[in-house]
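J.: Sequence plus the predicted model coming up.
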Amino acid sequence: MSKLDKIVELQSALMTRLGINPEVMSLDNKMRETHRFLTAIICEVVEILHEKGGVELAWKNWKKSGEPANQDYIKRELIDILHFTVELLILWGADADEIFAIYVDKNHENHARQDRSY
């Protein structure tokens, strides 16, 4: 089992525990869950931006925050984003193989864009 397969398996088990079953959800319910998870992702991004003056550094480059950002904290928040992202992919019917295939395709597209000075 690949590490991506394990991530999808673990997230699917959590979804089951939370009573989220994409196979029986209506399109409207999937859209509601998508909105909820995207909102959660935005909240996680904001938490990272606020870590040790991060927001201030983005637009107040003259101001010093005094402390370096906590890298472990940022990694854990990014993992939260990964949880929500994987859950969304599962919600819309993707398994580990499809996630990997789409990732590789998008990565190739992003390289091609750079080749074209996108």
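T.: Done, it's in.
J.: got a pLDDT number for residue 71?
T.: Looking at residue 71, its pLDDT is 86.
J.: what's the burial count for it?
T.: 9 (other C-beta atoms under 10 Å). Using the backbone N, CA and C atoms, a C-beta is placed for each residue, glycine as well.
J.: how far away is it from residue 48?
T.: 11 Å (C-beta to C-beta, to the nearest Å).
J.: repeat for residue 34
T.: Relative to residue 48, residue 34 is positioned 21 Å away (C-beta to C-beta).
J.: Tell me which of the two has more neighbours.
T.: Comparing residue 34 with residue 48 by other C-beta under 10 Å, the one with more neighbours is residue 48, at 18 against 14.
J.: Would you map the helices across this protein?
T.: 3-17, 27-50, 54-59, 71-91, 96-115 (DSSP state H).
J.: okay, and for this structure, where does confidence drop off?
T.: Across the chain, the ranges flagged by pLDDT under 70 are 53-66.
J.: And the spatially closest residue to residue 47 that is not a sequence neighbour, how far from residue 51?
T.: Distances taken as C-beta to C-beta, 6 or more residues apart in numbering place residue 77 nearest to residue 47, at 5.3 Å, with adjacent residues excluded. Between residue 77 and residue 51 the computed distance is 8 Å (C-beta to C-beta).
J.: before we move on, what about residue 116?
T.: From residue 116 to residue 51 the distance is 35 Å (C-beta to C-beta).
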